[in-house]
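**Q** sequence isn't available, so here's the structure alone:
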């Protein structure tokens with residue numbers, strides 16, 4: 001069960017990150033909380049369009065909203081990003097090992113070619 005829930009969270013995180021507008025929203029929120037209107041400013045899109053992006057980010061757990069008097073500022077939630085980073089780190093280790101073996105093979109082939117000259 002844990003693996004399935006973890007996989008679903010990763011799918012939601014990567015799905016949310018697949019859109020460049022949502023990544024830009026997260027980058028803006030990394031600098032501090034912002035209202036929907038503040039998040040709309042750099043984009044040529046309506047508030048409802050930004051709100052739809054925010055809902056995707058909220059479902060993925062990447063953004064939360066709170067009530068502050070009349071404002072409802074959005075806040076970045078880093079935990080899902082940390083989980084995605086951990087997952088990617090496993091594959092980074094794999095690829096680094098593969099590249100290391102390839103480097104060794106190329107060095108060996110270079111030595112063999114050097115002996116033939």
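**A** Nice, thanks for sending it over. Remember, it's a predicted structure, so these values are computed and weren't measured experimentally.
**Q** quick one: list the elements packing against the longest helix along the chain.
**A** Longest helix in the chain, counting residues (DSSP state H): helix 79-116. Judged by 3 or more Cβ pairs under 8 Å, 6 or more residues apart in numbering; DSSP states H and E, the packing partners of helix 79-116 are helix 2-17. From N, CA and C alone the C-beta is placed, and that goes for glycine too.
**Q** hang on, the earlier thing: list the buried residues for the longest helix of the chain?
**A** Within helix 79-116, the residues that count as buried by 16 or more other Cβ atoms under 10 Å are 80-81, 84.
**Q** residue 22 contacts residue 14, doesn't it?
**A** No - assessed by Cβ atoms under 8 Å, residue 22 is found out of contact with residue 14, at 11.2 Å.
**Q** so these two - more neighbours on which side?
**A** The neighbour count for residue 22 versus residue 14, taken as other Cβ atoms under 10 Å, is higher for residue 22 (21 against 14).
**Q** burial measure for the residue nearest to residue 56 when sequence neighbours are not counted, as a count.
**A** Take residue 56 and drop its neighbours on the chain: the residue closest to it by Cβ to Cβ, 6 or more residues apart in numbering is residue 16, 5.2 Å away. Neighbourhood size, residue 16 [other Cβ under 10 Å]: 23.
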